[in-house]
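Trainee: Any chance you could fold what I've pasted below:
(one chain, ligands or ions: 1)
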Amino acid sequence: MALTAVIRVPSRALLRPWARLRDAALGWIEPAGGGGVEVSAQRFASQKVLVEPDPAAGVAVMKFKNPPVNSLSLELLTELVISLEKLENDKTVRGVVLTSDCPGIFSAGLDLTEMCGRNPAHYAEYWKAVQEMWLRLYLSNLVLVAAINGASPAGGCLIALTCDYRVMADNPKYCIGLNETLLGIVAPFWFKDNLVNTIGHRASERALQLGLLFPPTEALQVGMVDKVVPKDQVQSTALSVLAQWMAIPDHARQLTKNMMRKPTADRLLKQRDADIQNFVSFISRDSIQKSLQMYLEKLKQKKG
Ligand SMILES: CCCCC/C=C/C(=O)SCCNC(=O)CCNC(=O)[C@H](O)C(C)(C)COP(=O)(O)OP(=O)(O)OC[C@H]1O[C@@H](n2cnc3c(N)ncnc32)[C@H](O)[C@@H]1OP(=O)(O)O
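Mentor: Next comes the predicted model:
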């Protein structure tokens, strides 16, 4: 899929790992000689995030493609944010369906290998990318509908929670929830805020402390998802919902969305650096590293 937009990239940004990853993901080429440069974005379909635009309908479908389980690696997070930014800058697009290209899995959440056995600089870079993904999705002016076509624990659930509406496949094997406590870790306050805004305080308190993973019917009852449909209707239902939301004038809907969500996002925006420091010191603890390694081992042994 060719894309001919010209984007100005300051050359110093190309030196940062985040920017390097982004540029690699998008196939941007720095001409010999460097300097402040103009580069052409040549691909829209990147490796980990597939974007299928439908300009006539004013929508796009964004599919995560990071097999086997769509874990949210630094690379996937980077591509997701860049793809979203492109769609936001595309005047023909007003709504996006977020879904998965991996059978049976929406997303396994944050990539445990990004949080295990790495150095503090890596943890800080990774957490900044997680924050960025959440802020961009949560505050997006686009209508976002999650088509949850598989398991959606922890960070996968968080992505769904950032959307304006959630449609889930009715397979009882697919579960959704913030299960961090089961891993011996704690969901950060902004994960918690997003959940409270969606299902209320009491239900969140129970779900978070117990690390509950809800099958579709229970997720519907508690308000974690808005609609449960047969698997083969998840995407089409999400597109129908998108059309309903897009019938509202954009400016009125966007201002309302911002009014509802900005105070929650501002809580993180005011303390992003402190939140990164908290994450780095928490995740670097020996006891937490042991818990995560044991959890990963358990996942691997499950197969054998
Ligand atoms: C202050 C700290 C706050 C941090 C907040 C954290 C948020 C998070 O999101 S932490 C991640 C939480 N995620 C989970 O608990 C999900 C773990 N995964 C699963 O439960 C299952 O894998 C599944 C239900 C998503 C899919 O099951 P299945 O289809 O049976 O696949 P496998 O379990 O066999 O997994 C295949 C392969 O993938 C590896 N893997 C699974 N999840 C992750 C992950 N989140 N990160 C990295 N890798 C993951 C798994 O170990 C297998 O690897 P191999 O054995 O090497 O094939």
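Trainee: can you list the residues of the stretch 101-250 of the chain near the ligand?
Mentor: Contacts of the stretch 101-250 of the chain with the ligand, taken as Cβ under 6 Å from any ligand atom, map to 105, 108-113, 151, 153-155, 179-180, 183, 185-188. Placement of C-beta: from N, CA and C, glycine included.
Trainee: ok, then the element right after the worst-scoring helix or strand of the chain on mean pLDDT?
Mentor: When the helices and strands of the chain are compared on mean pLDDT, DSSP states H and E, strand 37-40 comes out lowest with a mean of 31. Later in the chain than strand 37-40, the nearest helix or strand by DSSP states H and E is strand 49-54.
Trainee: Now, the residues of the stretch 101-250 of the chain next to the ligand that are in strands?
Mentor: Those of these mapping onto strands are I105, A151, P153, per DSSP state E.
Trainee: and the second one, what is it in contact with?
Mentor: A151 is in contact with V69, G104, I105, F106, A108, K173, Y174, C175, I176, counting by Cβ atoms under 8 Å, 6 or more residues apart in numbering.
Trainee: Who is the last one paired with across the strands?
Mentor: For I176, the beta-bridge assignment (DSSP bridges) gives partners S152, F214.
Trainee: How much space separates it from the ligand?
Mentor: I176 sits 11 Å away from the ligand, going by Cβ to the nearest ligand atom, to the nearest Å.
Trainee: Would you mind measuring from that residue to A265?
Mentor: 22 Å (Cβ to Cβ, to the nearest Å).
Trainee: higher neighbour count, those two?
Mentor: Comparing I176 with A265 by other Cβ atoms under 10 Å, the one with more neighbours is I176, at 29 against 18.
Trainee: right, and the more buried one touches E218 too?
Mentor: No: at 9.3 Å, I176 and E218 do not qualify as touching, with contact defined as Cβ atoms under 8 Å.
Trainee: For the chain, just list every one of the helices.
Mentor: 17-26, 74-89, 120-138, 155-162, 189-199, 201-210, 216-222, 234-246, 250-269, 272-284, 286-303 (DSSP state H).
Trainee: for the third one, packing partners?
Mentor: Judged by 3 or more Cβ pairs under 8 Å, 6 or more residues apart in numbering; DSSP states H and E, helix 120-138 is in contact with helix 17-26, helix 74-89, helix 155-162, helix 189-199, helix 250-269, helix 272-284.
Trainee: which of those is buried the deepest?
Mentor: Comparing the helices and strands packed on helix 120-138 by mean neighbour count (mean count of other Cβ atoms under 10 Å), helix 155-162 ranks first with a mean of 26.
Trainee: wait, what's in contact with A169?
Mentor: I148, N149, G150, P216, V228, V229, P230, K231, V234.
Trainee: and those residues as a markdown table, adding distance to Q271, neighbour count and pLDDT?
Mentor: Formatted as a markdown table, the contacts of A169 follow (distance: Cβ to Cβ, whole Å; neighbours: other Cβ atoms under 10 Å; pLDDT from 0 to 100):
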| residue | distance to Q271 | neighbour count | pLDDT |
| --- | --- | --- | --- |
| I148 | 30 | 29 | 99 |
| N149 | 35 | 25 | 98 |
| G150 | 33 | 25 | 98 |
| P216 | 35 | 22 | 98 |
| V228 | 36 | 22 | 98 |
| V229 | 39 | 17 | 98 |
| P230 | 43 | 10 | 98 |
| K231 | 40 | 15 | 97 |
| V234 | 36 | 25 | 98 |
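Trainee: shaky segments in the stretch 201-304 of the chain?
Mentor: Within the stretch 201-304 of the chain, the segments meeting pLDDT under 70 span 304.
Trainee: 90 - rerun?
Mentor: Applying pLDDT under 90 to the stretch 201-304 of the chain picks out residues 302-304.
Trainee: residues near the nearest residue to E180 once chain neighbours are set aside, how many?
Mentor: Spatial nearest neighbour of E180, excluding adjacent residues (Cβ to Cβ, 6 or more residues apart in numbering): A187 at 4.4 Å. The number of residues packed near A187 is 22, by other Cβ under 10 Å.
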